[in-house]
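*Asks:* Give me a 3D structure for the following:
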Amino acid sequence: MKIRFKGNFLRYRLTRSDVAKLTTLGHVDDKVDFGEHSLIYSIKRTHSDQLSATYKDNIITLFMPETMIDEWLNTNRVGFENNNEPLHLLVEKDFTCLDNVTEDQSDNYPNPLAEKES
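*Replies:* Below you'll find the model as predicted:
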């Protein structure tokens with residue numbers, strides 16, 4: 001799982017195994033270690049009807065509605081967003097990059113643009 005910030009924009013990108021964990025366990029999380037402190041970021045299933053997020057005790061939690069998770073798992077939908085609060089939230093499937101990168105992308109979703117470039 002990746003996380004990106006820009007101003008009040010928060011974007012999560014999930015691999016296939018991240019989506020599988022979210023579906024079966026109801027949550028997925030990761031962390032960045034800063035020596036003595038860590039920043040934990042997670043996604044948790046909720047009964048709410050929209051994406052929301054909290055930040056407390058160095059933990060960023062994005063709450064994702066069950067209906068979105070089910071739709072995500074059973075369709076080709078790329079992602080969901082909520083721009084109705086001060087924080088713009090986006091959660092999406094992580095596609096393989098079209099450029100050469102050194103990071104392991106074996107668990108990423110196939111990029112739909114890759115077929116168009118062939």
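*Asks:* Touching, Asn58 and Ile40? I think so.
*Replies:* Yes. The pair Asn58 / Ile40 is scored as a contact, 6.4 Å apart, by Cβ atoms under 8 Å. To be clear about C-beta, it is placed using only N, CA and C from the backbone, and glycine gets the same treatment.
*Asks:* Parallel or antiparallel, list what pairs with the longest strand seen in the chain.
*Replies:* When the chain is parsed with DSSP state E, its longest strand is strand 37-46. With DSSP bridges as the test, strand 37-46 is paired with strand 27-34 (antiparallel), strand 59-65 (parallel).
*Asks:* and the closest residue to Ser52 other than its chain neighbours, what are its bridge partners?
*Replies:* With Cβ to Cβ, 6 or more residues apart in numbering as the criterion, Ser52 has its nearest non-adjacent residue at 4.8 Å, and that residue is Phe63. Counting by DSSP bridges, Phe63 is bridged to Lys44, Ser52.
*Asks:* Please consider this matter closed, and thank you.
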